[in-house]
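Novice: Build me a model from this:
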Amino acid sequence: MIADAIGVTKAAVYHQFKTKEEIVLAAAEDELARLEATIDAADAMPSREEAREALLTGIVDLAVERRRTVSTLLSDPVIARFFPEQESFRRVMGRMNRLLIGDDSGPEGRVRMAMVIAAISGAVIHPFTVDLDDDTLASQLLRLARRFLWNT
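Specialist: Okay, the predicted model is just below:
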């Protein structure tokens, strides 16, 4: 499917990537880099409140824009096993956590972050939302995530 989608032969894809797992991990690392760029932009904001809002908006925008990729990555067992062990993943997740909810790395903070990320990523691929246009979905996700994270 990848070869067909980008207009090359399967042999060309397998020349670059030796296994299907390598393809999946490369796609996941690309998504992680997009998230890190969003975190970098938010981190440059002048206030904590602006940084939090920019990051949450960026996360929602990425998830909505990349609905199909999110679905594929979240359901892949290779990523579920591999990513949590990677320093780059832990670093990016730590930065995201600190910007969104502060230095709370205890159980409540970790669960809160996991719930928000799972809710956003699950909502963009859920059958209940597939017919929503991107703007409607993004605005609803932002409104609800703000309420959950900051009670606003």
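Novice: Could you give the separation between the terminal residues of stretch 15-24?
Specialist: Start-to-end span of stretch 15-24 (C-alpha to C-alpha, to the nearest Å) is 15 Å.
Novice: That one: which residues count as buried?
Specialist: For stretch 15-24, the neighbour count (16 or more other C-beta atoms under 10 Å) marks 23-24 as buried. Any C-beta I mention is one placed from the backbone N, CA and C, and that applies to glycine too.
Novice: what's the spacing between that stretch and its chain's center?
Specialist: The chain centroid and the centroid of stretch 15-24 are separated by 21 Å under C-alpha atoms, centre = their mean, to the nearest Å.
Novice: Could you do stretch 17-26 as well?
Specialist: Chain-centre distance of stretch 17-26: 19 Å, with C-alpha atoms, centre = their mean.
Novice: cool, and stretch 82-101?
Specialist: Distance, centroid of stretch 82-101 to centroid of chain: 11 Å (C-alpha atoms, centre = their mean).
Novice: Check stretch 33-46 too.
Specialist: So, by C-alpha atoms, centre = their mean, the centroid of stretch 33-46 is 13 Å from its chain's centroid.
Novice: quick one, phi/psi of Lys18?
Specialist: Backbone torsions of Lys18, given as degrees, to the nearest 10, read phi -80, psi -30.
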